[in-house]
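Visitor: Just a sequence and a predicted model for now, questions to come.
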Amino acid sequence: MTSSERLIRLRALPAHLALALAGALTLAPLVWMLGISLTTPRDIGGAALRPVPSHPTLENYRTALADSDIPLHLGNSVVFAGGVTLGLLCVSIPAAYALSRWRFRGQGAFVAAMLIGMSVPFVVTYIPNFLLLSRLHLLNTYPGLIVPHMANAFGVLLLMQHFRAFPTSVIEAAHLDGAGSWTTLTKIVLPAVKAPILAISLSVFISTWNELVWPQLVANKPGSQVLAAGLAQFASLEGGVSYGPLMASATMTALPTILLFLIFRRRLLAVTLEGAIR
């Protein structure tokens with residue numbers, strides 16, 4: 001190893017240590033959650049500083065499944081998060097393609113309005129959306145949960161940049177061969193932008209899966225609750241908090257999104273770096 005290589009590594013050492021510390025702080029709550037979920041109830045009081053249980057058990061998971069409606073809530077969460085993701089893509093892809101390829105009067109103002117709309121938190125629209133859904137009799141229904149999330153400027157603006165970067169000559173050649181706009185979009189453009197579409201899908205799915213306030217507001221009946229709302233209700237049951245079953249429920253709630261991230265993390269990172277380079 002040359003002196004210049006040693007110098008480069010020494011300069012990078014603080015950044016690596018900072019990243020390692022950030023990773024440890026991020027993983028620590030997950031490790032403790034998993035450890036407590038595998039700890040027997042009588043040992044939980046003394047396991048606060050011991051994330052790995054001495055006698056692992058699945059009793060907390062059996063208790064959580066028996067005392068809560070996790071399978072029902074899991075199905076509702078899959079429909080909620082999957083429906084929002086699919087609906088947002090169905091709205092964002094055509095809108096982004098139209099804004100990137102067609103020119104019309106007021107287009108700049110329209111894009112500016114979307115940028116301004118992104119600065120408004122969704123929580124601000126809770127009351128108007130709730131009143132509208134109530135009048136339409138959509139409370140405690142899947143459409144009531146899903147439809148208000150489908151109009152999101154984030155997906156439109158992100159995909160619009162990728163559609164603009166797509167070679168115009170390829171699109172013009174497709175039109176000369178007789179392909180319409182919809183055929184060009186679905187057969188030529190979309191296969192080339194699968195990575196950003198996957199990144200948007202993962203981001204939307206994970207954020208929707210973890211959402212709590214909106215599902216509690218519009219789907220508060222036991223049969224229509226999602227996992228996050230069911231977990232909050234399970235934590236507030238009378239008789240005190242059972243930390244073992246509670247952590248087991250939290251582990252089952254977090255596991256699907258963690259697995260999705262681990263499976264697709266390379267593609268997600270590639271899209272993030274691509275956007276940073278641009």
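Guide: Sure, I can see it. Numbers count the residues shown, from 1 in each chain.

Visitor: Surely Gln107 and Arg101 touch.
Guide: No: Gln107 lies out of contact with Arg101 (CB atoms under 8 Å); the separation is 11.2 Å. C-betas here are computed from N, CA, C, even on glycine.

Visitor: Show me which residues of stretch 27-40 are buried.
Guide: For stretch 27-40, the neighbour count (16 or more other CB atoms under 10 Å) marks Trp32, Met33, Leu34, Gly35, Ile36, Ser37, Leu38, Thr39 as buried.

Visitor: Sorry, wrong one. I was asking about stretch 124-131.
Guide: In terms of neighbour count (16+ other CB under 10 Å), stretch 124-131 has its buried residues at Asn129, Phe130.

Visitor: for that stretch, the distance to its chain's centre please.
Guide: Put simply, stretch 124-131 sits 22 Å off its chain's centre (CA atoms, centre = their mean, to the nearest Å).

Visitor: Grab the CA positions of that stretch and hand them over as PDB.
Guide: Extracted as PDB, the C-alpha positions of stretch 124-131 are listed here (Å, rounded to 0.1, in the frame of the first residue of the first chain):
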ATOM      1  CA  VAL A 124     -53.600  19.300   6.400                       C
ATOM      2  CA  THR A 125     -56.200  17.600   4.100                       C
ATOM      3  CA  TYR A 126     -57.400  15.200   6.700                       C
ATOM      4  CA  ILE A 127     -60.600  17.100   7.600                       C
ATOM      5  CA  PRO A 128     -61.700  18.000   4.100                       C
ATOM      6  CA  ASN A 129     -61.100  14.400   2.900                       C
ATOM      7  CA  PHE A 130     -62.900  13.000   5.900                       C
ATOM      8  CA  LEU A 131     -65.900  15.100   5.300                       C
END
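
Visitor: Name the residues that touch it?
Guide: Leu139, Pro148, Val213, Trp214, Leu217, Val218 (CB atoms under 8 Å, 6 or more residues apart in numbering).

Visitor: Now, of those residues, which are buried?
Guide: The buried subset of those - by 16+ other CB under 10 Å - is Leu139, Pro148, Trp214, Leu217, Val218.

Visitor: which one of these sits closest to Ala195?
Guide: Nearest to Ala195 among the buried ones among the contacts of stretch 124-131 is Pro148, at 27.7 Å by CB to CB.

Visitor: Can you give me the pLDDT of that closest one?
Guide: For Pro148, the model assigns a pLDDT of 89.

Visitor: how close does it get to Phe80?
Guide: 12 Å (CB to CB, to the nearest Å).

Visitor: picking that back up, make a markdown table out of the buried residues of stretch 27-40 and add pLDDT and distance to Leu72.
Guide: Putting the buried residues of stretch 27-40 into a markdown table (pLDDT from 0 to 100; distance: CB to CB, whole Å) gives the following:
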| residue | pLDDT | distance to Leu72 |
| --- | --- | --- |
| Trp32 | 84 | 28 |
| Met33 | 86 | 22 |
| Leu34 | 86 | 24 |
| Gly35 | 85 | 27 |
| Ile36 | 84 | 24 |
| Ser37 | 85 | 20 |
| Leu38 | 85 | 24 |
| Thr39 | 83 | 27 |
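
Visitor: Using TSV, lay out those together with distance to Ser54 and secondary structure.
Guide: Formatted as TSV, the buried residues of stretch 27-40 follow (distance: CB to CB, whole Å; DSSP: H, G, I helix; E, B strand; the rest coil):
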residue	distance to Ser54	secondary structure
Trp32	15	helix
Met33	17	helix
Leu34	15	helix
Gly35	10	helix
Ile36	13	helix
Ser37	15	helix
Leu38	10	coil
Thr39	9	coil
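
Visitor: Tyr142 contacts Val78, doesn't it?
Guide: No: counting by CB under 8 Å, Tyr142 sits too far from Val78 to count as a contact (10.9 Å).

Visitor: just to revisit the earlier point, just the buried ones among the contacts of stretch 124-131: which are in helices?
Guide: Trp214, Leu217, Val218 (DSSP state H).
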